[in-house]
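Novice: Got a sequence here, can you model it:
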Amino acid sequence: MRIISGVAGGIRLFAPRGASLRPSEDRVKEALFASLGDISGLLVLDLFAGAGSLGLEALSRGAARVVFLEKLPGHIEYIKRNLAGVSKAMSHIHGETDILCADAALCAKLLSAQAGQFDLVLADPPYVTPPGGFGGRELLLQDEFARWCKPGCRLVLEHDKLSAMPYYPASGWRLLKAKHYGRRSLSFLQKNGT
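Specialist: Have a look, this model is predicted:
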């Protein structure tokens, strides 16, 4: 796993071993960012951040600010370690970063001061959500999250290709396009009405 492009391109990233994390493959990450185009100057939220791969890629490509939100403390340590490597490669000249250890279900409450600010949300939740858990489907259906996002906000959701996602009108998120890579799907969405 590495940074694909940008100022820190080629920097190796670290992730915990085992089934607790499913990092985005390099080819999937490359396709994701190629589809987004220029993200320089954007405010980015990396939800279900894991080891921070997507948010760090955004930082390397010129994002003005990246907030990492991950609920597992062990994964937070990997985000910090990877951020240190990316920061060093960028000579410490990059956008602002914040790392929060919390459940993505609480995003709108935890980041209430940033309501209406983020331009882009990158979400890579677990493919299988346990009963009562919070994953991609629940994120799309959470009205509070949709209201919290700014008009025109884009959301890229990685999920299992066989999972039926509740796009508009079932949720406040309109599907712009979807790309499939084996079992993985990337859904590119925009807040409806924008």
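Novice: what's the weakest-modelled helix or strand in the chain?
Specialist: Ranked by mean pLDDT, DSSP states H and E, the helix or strand of the chain with the weakest confidence is helix 26-36, at a mean of 91.
Novice: got the buried residues for that helix?
Specialist: Within helix 26-36, the residues scored as buried using 16 or more other CB atoms under 10 Å are 28-29, 31-33, 36. For every residue, glycine as well, the C-beta is placed using N, CA and C.
Novice: Convert the C-alpha atoms of that helix to PDB, please.
Specialist: What follows is helix 26-36, C-alpha atoms only, in PDB (Å, rounded to 0.1, in the frame of the first residue of the first chain):
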ATOM      1  CA  ASP A  26      -3.700   0.800  -5.400                       C
ATOM      2  CA  ARG A  27      -5.600   0.400  -8.700                       C
ATOM      3  CA  VAL A  28      -8.900   1.200  -7.000                       C
ATOM      4  CA  LYS A  29      -7.400   4.200  -5.300                       C
ATOM      5  CA  GLU A  30      -5.900   5.400  -8.600                       C
ATOM      6  CA  ALA A  31      -9.200   5.100 -10.300                       C
ATOM      7  CA  LEU A  32     -11.000   6.900  -7.500                       C
ATOM      8  CA  PHE A  33      -8.800   9.900  -7.600                       C
ATOM      9  CA  ALA A  34      -8.600  10.000 -11.400                       C
ATOM     10  CA  SER A  35     -12.400  10.200 -11.500                       C
ATOM     11  CA  LEU A  36     -12.400  13.000  -9.000                       C
END
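Novice: Counting by contacts, list what the next helix or strand after it packs against.
Specialist: Per DSSP states H and E, the first helix or strand lying C-terminal to helix 26-36 is strand 43-47. Judged by 3 or more CB pairs under 8 Å, 6 or more residues apart in numbering; DSSP states H and E, strand 43-47 is in contact with helix 53-60, strand 65-70, strand 120-123.
Novice: in its sheet, what does strand 43-47 sit against?
Specialist: If you go by DSSP bridges, strand 43-47 pairs up with strand 65-70 (parallel), strand 120-123 (parallel).
Novice: who touches the shortest one?
Specialist: This points to strand 120-123. Here strand 120-123 makes contact (CB atoms under 8 Å, 6 or more residues apart in numbering) with 32, 36, 39, 42-48, 54-55, 58, 63, 104, 136, 139, 149, 153-158.
Novice: so the most centrally placed residue in the chain bridges to which residues?
Specialist: The geometric centre of the chain, computed from its C-alpha atoms, lies nearest to residue 122 (CA atoms, centre = their mean), at 2.3 Å. Residue 122 forms beta bridges with residue 46, residue 156, as assigned by DSSP bridges.
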